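K.L.:
the following comprises the amino acid sequence and a computationally predicted model.
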Amino acid sequence: MKLLIDDANVNAIRRLIDLYPIDGVTTNPTILARTGGNPVETLKEIRSVIGQERLLFVQAIPLDAEGMIRDARAIVHLLGKTTVVKVPAIPEGIKAIRELKGEGIRTCGTVVYTPMQAFLAAKAGASYVAPYVNRIDNMGYDGISVTEQIHDILTVHHMDTQVLAASFKNSRQVLTLCAYGIGSATCAPDVIDGFIRNRAIDAAAEDFLSDFAKLVGEHVSMADLLS
Ligand code: G3P
């Protein structure tokens, strides 16, 4: 499963990329607004921090196909071929996805709430479809099973489209979909940190350190002993 950061804060991205095997960064207009500043400068900085080999997802702003296509061309021109353009999977977006596929621009059908919406985006040629797990849960439906059903539809029809599950609020949501075999997940920094940060893990690691210090003294590593 590809793991992406759903955030535009450059310091948070730099920290997570340094620590974890991260495949890319996803943004949307709300995330960019929350980050503040000039969105073009923010996106350029993110690209420079993550390098050209990682994926960067950037959303087209207009809600008409012509405007989405114009944005998509400009986004890829600025940020390079490993940039995927997020296109809201509304009727005009499905049209834009089809045209952009013809131009060789990779897209992600976003704001996905229903399996057939994802199917349309995939059939139009989207490389990714992004179901919003937690937002679906908040509507009283089951975001996990909607996402699993989308994954099944893409698999059974041999579609060249991957699920990019989004809108997570906790590790368990990600874990369930990871175990199911979905292709990609994008998570806010605090959700990614939650995969690995808890007191039991920290205490176990610290116990090893203090036990060894009792044997050889404080701050002595294996490298120190072997040099
Ligand atoms: O990538 C889409 C995602 O940012 C939506 O998440 O937390 O706004 O529901 P959220």
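P.N.:
Perfect, I can see it now.
K.L.:
now name the helix or strand holding the residue nearest the centre of the chain.
P.N.:
For the chain, the residue sitting closest to the mean C-alpha position, by CA atoms, centre = their mean, is Thr186 at 2.6 Å. Assigned by DSSP states H and E, Thr186 belongs to strand 184-187.
K.L.:
does anything pack onto the helix or strand just after that strand? Which helices or strands?
P.N.:
Next helix or strand after strand 184-187 toward the C-terminus (DSSP H and E): helix 189-194. Applying 3 or more CB pairs under 8 Å, 6 or more residues apart in numbering; DSSP states H and E, one finds that helix 189-194 makes contact with strand 2-6, helix 10-19, helix 171-180. For the C-beta atoms, the positions are set from N, CA and C on the backbone; glycine is no exception.
K.L.:
quick one: contacts for the nearest residue to Arg73 once chain neighbours are set aside?
P.N.:
Leaving aside its sequence neighbours, Arg73 sits nearest to Ile105 (CB to CB, 6 or more residues apart in numbering; 7.0 Å). By CB atoms under 8 Å, 6 or more residues apart in numbering, Ile105 lies in contact with 72-73, 76, 85.
K.L.:
help me confirm that Ile105 is found in a helix?
P.N.:
No - counting by DSSP: H, G, I helix; E, B strand; the rest coil, Ile105 is not found in a helix; it is coil.
K.L.:
let's see the pLDDT reported for the closest residue to Ile182 other than its chain neighbours.
P.N.:
Leaving out its chain neighbours, the residue that sits closest to Ile182 by CB to CB, 6+ apart is Val163, at 4.5 Å. pLDDT, Val163: 98.
K.L.:
what's the distance between Val163 and Ala118?
P.N.:
According to CB to CB, to the nearest Å, Val163 and Ala118 sit 8 Å apart.
K.L.:
joint contacts of these two?
P.N.:
By CB under 8 Å, 6+ apart, Val163 and Ala118 have these common neighbours: 129, 131, 150, 154.
K.L.:
element containing Cys108?
P.N.:
According to DSSP H and E, Cys108 maps onto strand 107-112.
K.L.:
is any residue of that strand near the ligand?
P.N.:
No - shown here: strand 107-112 not in contact with the ligand (CB under 6 Å from any ligand atom), separated by at least 6.7 Å.
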